[in-house]
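Novice: Pasted the sequence and its predicted model underneath.
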Amino acid sequence: MIDQTAFNFKQNISKALGDRQLRANLKSAMDGLKAKRLNVFADDDELQQLRTLCNAIKKRALSRLPQLLEQLEEKCAQNGIQVHWAETTDAACRIVLDIMKQHGASRLLKGKSMVSEEMHLNQYLQKKGIEAIETDLGEFIIQLDGEPPSHIIVPAVHKNKDQIAKTFHEKIPGAPYTEVVEELNSIARKNLRQKFFEGQIGLSGVNFAVAETGTLCLVENEGNGRMCTTVPPVHIAVMGIEKVVERMEEIPPLLRLLTGSATGQLITTYVNMITSPRKPGEKDGPKEVHLVLLDNGRSKILADAELRQTLYCIRCGTCLNHCPVYTRLGGHAYGFVYPGPIGEILTPQIEGLDVAGELATASTLCNACEEVCPVMIPIPRLIRRMRTESYAKNSSGTVKGHGYKANFLESTAWTVWAKMNTIPWLNSLNSRMLGLLGGLLPKAGPLKAWMSVRSKPKFAAKSLHQRVKERGVNRE
Amino acid sequence: MQAKRQYPSKPDKVYFFGTCVIDLIYPDAGMAAIQLLEREGLEVIFPQDQSCCGQPAFNSGFPDEARKVAREQMRVFHRDYPIVVPSGSCAGMMRCHYPELFEGTELQAAAEKFGGRVFELTEFLTRVLQVKLEDFGAPMKVTWHSSCHALREMGVTEDSKSLLRQLKNVELVELQNEKECCGFGGTFSVKHPEISGSMARDKIDDIQATGAPVVISGDCACLLHITGAAEKLRRPLRGRHIAEFIWERTHD
C-alpha cells in the first residue's frame, strides 16, 4: 500500500528503477498502447482538428461550470437522479456510506472509478465494516494484492500474466494455477458473477455528464460497468465536477478522443448513457440512482486562468503512456492516486505543493505529453508553474503549500547564475576560470549528482567567446 | 508548436548565438557552425556580451532570473538580423518561450518579434540558405539523436537529417526510438540522476544497436549527457555536433 504520510519520492524511484520485471511489463504494455493509439489516429489532420474542437468544448464548459452544474442538477432531478454535493473526499465518502446505511447494505460493487480512488473510498468503507468489491478485471487483480492502481486506465499494468496467475492461485480460494489468459478471465468472471447477483448497491465513475439532458456517460470494455449500474437496485455514480459538458452533441468527439487516446479503440465495447432510474413498466435498471459531485480542490484550480487547464483532463492516461519517466517508474512510485504527467500537475494542486510538490521535478520537459494530450493541456508549462510556485515567496503563489522550497539554497544559486549571465565581465571571468581550473572542481553538490551516472564534463581550454575573438569575427 | 514558418530570403548578415554549453565545453562545434555560415557568404556577428538563453532557470522554477538573462540577450541581439542558434533547445527557448516569459509585460511584443528572428542552425542552413554539401570524408555509418525541443518545439529534425543525407559517403541509420527523450532535461539531470541515467542507458542501447560508432546531434547538452553516461558505463561512444561533423567532411 502507498503510505501517503511518508511520501519518499527518491526512495520510491530507486525501488522502481531497480525492478527489472516492472520495467519490462511497463515497456511492453506502453509500447502496445502507443502503437494502437497511433493506428487509430492515422489521419493526423483529423486528430488535430478533433483536439482543437475538444479543447474548445472543455474550455467553454469550464468557463460556465457553476451554471452547467446547476443545470445538470436540475435535469438529473427531473429525471429522478438524486444529486449530492461534496466539497471534500470525506464528505463524498459519508454520502456513499449514508446511502449504504439507508439500504442496510454491507457490500458495494464497484466499477472502475478514479474519483473513488481519490476518495480512498474502499479504505473508508472498510473501517465502517463495509466491503467494497472491485469488478473491473484490473482493479480486481490489484485488490487481491492490496495494491492501488498503477495507471489510471490500466490499473494492473505493472503486472504480467505470470504474476497475475500467481495472485489468483494464492488469493482466490480453490483457483487452480494457470497462465492461460482465457482461464484466468474465467476464474475472475465466476468469482464476480455471483457477487453481482447478491449486490445491493453498485458504484461507478462518470466519464462525462451532459448538462442539457442530465445524462451520465460511462465507457468500459468488460460489461462490469453496465452490471454495476443496472443489476443492483441502487446505483451511485461519483464524479469530479469538471466532468460536466454542456451538450449531448459534444459527446461523440470527446468519446472518439478518449477511447482513441486511452486504448487505441474507435469505440469501447460498452457505452453506457444513464439518464434515469428504472421507470414504471421497465423491466430492468436500478430503482435509485445517485450522483455524487466532488469538488476536492477543483473550484480553487478553476479560479486560476492558467491552472484551470488542468481540469480539461478527460483521464485518458495517454500522457502516462508517452512519458519517458512514467514508463520507467510505473504509477506506484508517484505515491498518490494520479501518476505521470497529469499527476505531476494535478496532485500538487489537490494535496498541496508542500506535500506532493516533488512530483513536479520528475519531468525532463520533453513535451511528449503535450504533443499527445487529446484536450491540449500545456502540461510542461503547468509543470513549470508548479516548480515556480514551489519556490515562490509568500505573496506570489496561489497553489496550496506554495513556497515550501523558498528558503532552499537553490534560490541563491539562481540569483548568482543570473548575475553571471547578465554581467559580461563576470561571465567572461567565469568561463576563463572553468577553462583553466574546471578539472579541479570538487565532486560535490550538482557535480556529484551529475557524476553519479556520467563522467566529469571536460571544460574547453578556450571558450567560444575567446575562439571567436582570436579568429577576428565581428563581435559588435 | 510546429507552426508552418515563413522563411526570409538569404540575408547579408546574421547574428550567432553560441549557447552556454558550446561556449564552455564544445567551442569546436560553435566555430564549425560559424564557418558553415561564412562559407555561404554571410557575415557572422557574434556579440561578445551574449551569455545563456535563460532556459535552465526558466525550467527550474525561476522565471524572474530567466527573464533577467533573456532581457540581456534581447538587448545584445537588438539589430534586425536573423539569430542563428546551434541548438534546438536554446532556439526553442528563445523562439517559443521568450514570448511566454514576457507575457503581459511591456516587452511582450519585443519578445515575439525577437522570437521571429530565431532560427536553429540546420533549419537556417536548409530553409534559408539551401546549402549544397559536397562530402570529402571517408565512408562511414552514423546515427542521429534529436533533442526533444528540436523535434517538438522547433520541428527541425528533418532539416538536420536532410543535411546528413546530402553527405554521399555517410550512411544514416535511424534510431528505433528517435522520439524518446535521452534523459538530460536540464537540472533534471542532477535532481533525478537515477531516472536520467536509466534513460541514457536505453538511449545508448538504441544508439549502439544501429552499429554506428558515432551519434550526431544538433544539441550539445544531450551529447554531453549521453556520451558522459556511455563513458561512465565503459561503453565507448562518440558524439559529434552536426555542425562540426559536416564542416569536417565538407571543407577543403
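Specialist: Noted; the coordinates are in hand. Numbering: from 1, shown residues only, chains lettered A, B, ... in the order given.

Novice: Number of residues surrounding residue 186?
Specialist: Just so you know, I chose chain A. A:Ser186 is flanked by 12 other residues according to other C-beta atoms under 10 Å in any protein chain shown. All C-beta atoms are positioned from the backbone trio N, CA, C, and that covers glycine.

Novice: that's the wrong chain, I wanted chain B
Specialist: Applying other C-beta under 10 Å, we find 17 residues neighbouring B:Gly186.

Novice: and it, what helix or strand is that in?
Specialist: Using DSSP states H and E, B:Gly186 sits in no helix or strand.

Novice: residues touching it, list them.
Specialist: A:Thr364, A:Leu365, B:Gln55, B:Pro56, B:Asn59, B:Ser60, B:Ala221 (C-beta atoms under 8 Å, 6 or more residues apart in numbering or on different chains).

Novice: Report how many residues lie close to residue 95.
Specialist: All of this is about chain A. When neighbours are counted by other C-beta under 10 Å, A:Ile95 registers 20.

Novice: look at chain B instead
Specialist: By other C-beta under 10 Å, 27 other residues sit near B:Arg95.

Novice: and which of the contacts of B:Gly186 is nearest to A:Glu470?
Specialist: Ranked by distance to A:Glu470 (C-beta to C-beta), the contacts of B:Gly186 are led by B:Ala221 at 24.9 Å.

Novice: re earlier: farthest-separated two in the contacts of B:Gly186?
Specialist: B:Ser60 and B:Ala221 (14.1 Å).

Novice: Which of the contacts of B:Gly186 fall in helices?
Specialist: Taking DSSP state H as the definition of helices, the contacts of B:Gly186 contribute B:Gln55, B:Pro56, B:Asn59, B:Ser60, B:Ala221.

Novice: A:Ile251 against A:Leu257, yeah?
Specialist: No - applying C-beta atoms under 8 Å, one finds A:Ile251 not in contact with A:Leu257, separated by 11.0 Å.

Novice: Have a look at those two and say which one is more surrounded.
Specialist: A count of neighbours by other C-beta under 10 Å puts A:Leu257 above the other of A:Ile251 and A:Leu257, at 24 against 20.

Novice: who's in contact with that one?
Specialist: A:Leu50, A:Arg51, A:Cys54, A:Ile314, A:Cys316, A:Pro374, A:Val375.

Novice: per-residue confidence at it?
Specialist: pLDDT recorded at A:Leu257 is 98.

Novice: Now it. Its backbone dihedrals?
Specialist: A:Leu257 adopts backbone torsions of phi -70, psi -40, taken as degrees, to the nearest 10.

Novice: nearest residue to it other than its sequence neighbours?
Specialist: A:Pro374 (3.9 Å; C-beta to C-beta, 6 or more residues apart in numbering or on different chains).

Novice: What is the burial count for residue 17?
Specialist: Chain wasn't specified; assuming chain A. Applying other C-beta under 10 Å, we find 17 residues neighbouring A:Leu17.

Novice: ah, I was thinking of chain B
Specialist: B:Phe17: 29 neighbours (other C-beta under 10 Å).

Novice: looking at it, it is touching B:Met93, isn't it?
Specialist: No - if you go by C-beta under 8 Å, B:Phe17 and B:Met93 don't touch, sitting 10.5 Å apart.

Novice: so what sits against both of the two?
Specialist: Counting by C-beta under 8 Å, 6+ apart, the shared contacts of B:Phe17 and B:Met93 are B:Cys53.
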